[in-house]
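Asks: Task: produce atomic coordinates for the following.
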Amino acid sequence: MSSGPLSYADVDYDAGTDESPEDYPTLEDKLDRAVEVTATALEAYRNPAVMWTGGKDSTLVLYVLMEVAVDLDRPVPPAVFIDHFQHFPEIEAFIDSWATEWDLEVIHARNEDVGRLADEPGDEIRVADLNERNQYEVRQKLEYEEDTFPFLLDTYVGNHLLKTVPLNDAIEEHGFDAVVSGVRWDEQEARADETFFSPRHDVEKYPTHDRVHPIVQFDERAVWDATWRYLVPDTVPEFPDDGYIPEDEDDLPAGLAAADIPISPKYWEGFRSLGSEVSTTKSQDVPAWHQDLEDTVEREGRAQDKEDLMGRLRDLGYM
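Replies: Next comes the predicted model:
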């Protein structure tokens with residue numbers, strides 16, 4: 001069980017080792033494990049938070065967390081939304097709308113120092129113009145030697161400064177001892193070895209905390225199946241609970257509109273993975289859940305610079 005800086009947290013850091021989605025053959029198996037992991041986290045940690053990007057994975061994790069919190073008669077932990085300045089406007093509106101609907105506390109984490117130095121994505125930022133903290137991150141942690149870097153999310157420097165640094169700042173500022181997130185084994189090679197409870201205890205890299213991964217055993221299809229079979233019917237009273245899955249926005253029952261459903265608008269448009277507005281393209285012109293998820297690449301619409309460096313980024317505190 002757990003040891004070290006968070007010795008009070010009774011969790012098994014080896015849980016999930018050498019496992020794969022195939023070890024959880026049914027949707028119910030996957031959901032039962034997600035509930036178990038989430039319940040353990042809510043009981044083990046003193047001050048957890050949940051990452052919420054507005055994407056399908058983190059929204060499913062948030063749903064499970066809310067359901068388990070009610071069952072355990074515990075408050076829902078705050079959600080951390082990383083504002084990297086390059087979101088689709090629809091995603092920010094989605095977060096705001098459903099945070100109000102679900103009465104959530106949302107912490108908007110952003111690196112204001114970097115944001116002030118650029119007007120639009122692609123602008124070059126001088127490392128010398130950053131504050132001392134961000135210069136340390138660039139020169140010492142990333143070992144980046146160039147004088148400038150582009151204000152783009154899906155690059156090595158951009159991702160670290162715009163996502164990892166504000167996340168670590170939020171963890172430190174609010175004293176979170178655990179961050180619950182929606183990473184999955186099948187999503188990227190760098191995440192294939194994640195466990196359900198993953199320690200982040202190297203104080204030279206990030207504030208001491210654990211990562212909790214309740215849906216790491218899901219694949220993309222299972223995320224959508226759980227969303228339509230459980231998340232949507234349980235959170236939208238008017239939606240039928242008989243397994244109905246709409247073909248598109250015009251196929252919703254009971255007079256509902258897409259805005260009434262807790263699924264990001266970009267998925268209705270054909271996006272399968274949501275990154276920055278300037279570096280993500282949609283896969284097809286049909287909703288994500290009706291695409292060929294099994295024989296195509298989920299993140300092919302994302303810029304690949306960051307994707308190719310995921311191992312190093314994870315080691316520095318990225319999700």
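
Asks: Sketch out the low-pLDDT regions of the stretch 101-250 of the chain for me.
Replies: Applying pLDDT under 70 to the stretch 101-250 of the chain flags residues 190-191.

Asks: That one: strands as residue ranges?
Replies: Remark: strands of the stretch 101-250 of the chain, listed N- to C-terminal, are 106-109, 124-126, 148-150, 178-180, 197-200, 209-212; assignment by DSSP state E, counting those that start in this stretch.

Asks: As CSV, could you dump the C-alpha coordinates of the fifth one?
Replies: Which is strand 197-200. What follows is strand 197-200, C-alpha atoms only, in CSV (Å, rounded to 0.1, in the frame of the first residue of the first chain):
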residue,chain,number,x,y,z
PHE,A,197,-2.9,5.4,-8.4
SER,A,198,0.3,7.1,-9.7
PRO,A,199,2.6,8.9,-7.3
ARG,A,200,4.1,12.3,-8.2
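
Asks: Any chance you could list what contacts that strand?
Replies: Outside of strand 197-200, the residues that reach it under the criterion C-beta atoms under 8 Å, 6 or more residues apart in numbering are 2, 4, 6, 11-13, 15, 37, 40-41, 206-213, 317. Using the backbone N, CA and C atoms, a C-beta is placed for each residue, glycine as well.

Asks: Please flag which of those sit within helices.
Replies: Secondary structure of the contacts of strand 197-200 is defined by DSSP state H; positions in helices are 37, 40-41.

Asks: Which residues are in contact with D186?
Replies: With contact taken as C-beta under 8 Å, 6+ apart, D186 is in contact with 21, 192, 218-220.

Asks: excluding its backbone neighbours, what's nearest E187?
Replies: Taking C-beta to C-beta, 6 or more residues apart in numbering as the measure, E187 lies nearest to E298, with 6.8 Å between them; neighbours along the chain are not counted.

Asks: Check what pLDDT that neighbour gets.
Replies: Residue-level confidence at E298 comes out at 78, pLDDT.

Asks: mind checking the SS state of it?
Replies: Three-state call for E298 (DSSP: H, G, I helix; E, B strand; the rest coil): coil.

Asks: Could you pull up the residues touching it?
Replies: Taking C-beta under 8 Å, 6+ apart as the contact definition, E298 lies against 187, 220, 272-273.

Asks: What's the separation between it and D71?
Replies: Computed as C-beta to C-beta, to the nearest Å, the E298 to D71 distance reads 31 Å.
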